[in-house]
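K.L.:
sequence unavailable; structure follows:
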């Protein structure tokens, strides 16, 4: 069975919108895009590359797919033998009810019942089925307890607005910390696995 992992970048207040550039995702008037760029360094790249090396396939939301498809096919495997090679050559599944076709090689559009389709993908043997970004998709899968591991890159910046990974109304979920690391830039890498529903008490 394939493990379904989520890798995403978050501000300290949980925003995951448009980390890579000002025009990446201006939904709802978001004008703070590109907030990850000042913190990019070799350590961040090394962590992300290590996670990409575990990939057997990718599961992406439509918006993330379009961002990736506009860039990564232009990067040769020799230029980036880890990320580009895997993104360009491994199977990619796009969860979308609006995308009619996908031109990036090895891409399949999942329409209809995405939750059922993801459950089927998880039953297939192989390496990790990886989600990168894709907040709307991630939230749908979280609501059905389908994500097996969360890899959160948390940046020392507060944005005050934007779309959050864990929004109001999210299913209450306990997480178990599996690994953590801190970079000189102040970015922390936190890996969690689900631990059922939260428990409560009083002092």
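P.N.:
The structure has been received and is ready for your questions. Quick caveat, the model's predicted, so the values are computed rather than measured. Numbers count the residues shown, from 1 in each chain.
K.L.:
now the lowest-mean-pLDDT helix or strand in the chain: buried residues?
P.N.:
Least confident helix or strand, the chain: helix 42-52 with a mean of 90, by mean pLDDT, DSSP states H and E. The neighbour-count check on helix 42-52 (16 or more other CB atoms under 10 Å) flags 43-44, 47-48, 51-52 as buried. Any C-beta I mention is one placed from the backbone N, CA and C, and that applies to glycine too.
K.L.:
got the phi/psi numbers for the residue most central in space within the chain?
P.N.:
Taking CA atoms, centre = their mean, the centroid of the chain lies closest to residue 132, which sits 2.4 Å from it. The phi/psi pair for residue 132 (degrees, to the nearest 10) reads phi -120, psi 120.
K.L.:
isn't it up against residue 8?
P.N.:
Yes - taking contacts as CB atoms under 8 Å, residue 132 lies within contact range of residue 8: 7.1 Å.
K.L.:
can you show me the strands along this structure?
P.N.:
Ranges of strands within the chain are 4-11, 55-61, 92-95, 107-110, 128-132, 149-155, 175-182, 188-194, based on DSSP state E.
K.L.:
JSON lines for these, including mean pLDDT and distance to residue 119?
P.N.:
Shown next, in JSON lines, are the strands of the chain (pLDDT from 0 to 100; distance: least, CB to CB, whole Å):
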{"stretch": "strand 4-11", "mean pLDDT": "98", "distance to residue 119": "10"}
{"stretch": "strand 55-61", "mean pLDDT": "96", "distance to residue 119": "12"}
{"stretch": "strand 92-95", "mean pLDDT": "96", "distance to residue 119": "13"}
{"stretch": "strand 107-110", "mean pLDDT": "95", "distance to residue 119": "11"}
{"stretch": "strand 128-132", "mean pLDDT": "97", "distance to residue 119": "11"}
{"stretch": "strand 149-155", "mean pLDDT": "97", "distance to residue 119": "17"}
{"stretch": "strand 175-182", "mean pLDDT": "96", "distance to residue 119": "21"}
{"stretch": "strand 188-194", "mean pLDDT": "97", "distance to residue 119": "16"}
